[in-house]
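K.L.:
have a look at this prediction, sequence included:
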Amino acid sequence: MSKIQQKWVIQTILRDGNVCLYCKKELKYNEITLDHIVPKSLGGREINNLAVSCLDCNRLKGSLLLTEFLNRHGIELNEKIARYL
């Protein structure tokens, strides 16, 4: 991981805390994954495109767009998620 990538990881965790954006599960540090809100395959490669996620939600979302994921899995829109729309 490059120094820029490490910085992005730290900044994202500091911004989002240790709670999954989607299921709101409190995560231990070693359980945190970062989700690309806009999939990397669709150009989502900036720091503001990253969010703290648990592994289960990150895998479920995969390469889905945020709105597709929310609708498909019945996840309610909240203030944290709304900032990505």
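P.N.:
Cool, got the structure. Numbers count the residues shown, from 1 in each chain.
K.L.:
and the helices in the chain?
P.N.:
Counting by DSSP state H, the chain has these helices, from start to end: 3-16, 55-61, 66-73, 79-82.
K.L.:
so which other helices or strands are in contact with the first one?
P.N.:
Contact analysis of helix 3-16 by 3 or more CB pairs under 8 Å, 6 or more residues apart in numbering; DSSP states H and E lists strand 50-53 as its packing neighbours. No exception for glycine: its C-beta is placed from N, CA and C like everyone else's.
K.L.:
mean confidence for the strand it packs on?
P.N.:
Mean pLDDT, strand 50-53: 95.
K.L.:
now it, how far from the centre of its chain.
P.N.:
Its chain's C-alpha centre and that of strand 50-53 lie 2 Å apart, by CA atoms, centre = their mean, to the nearest Å.
K.L.:
and that strand, what does it pack against?
P.N.:
Secondary elements touching strand 50-53 (3+ CB pairs under 8 Å, 6+ apart): helix 3-16, strand 33-36.
K.L.:
mind listing what residue 57 touches?
P.N.:
Listed by CB atoms under 8 Å, 6 or more residues apart in numbering, the contact set of residue 57 reads 20, 21, 22, 23, 35.
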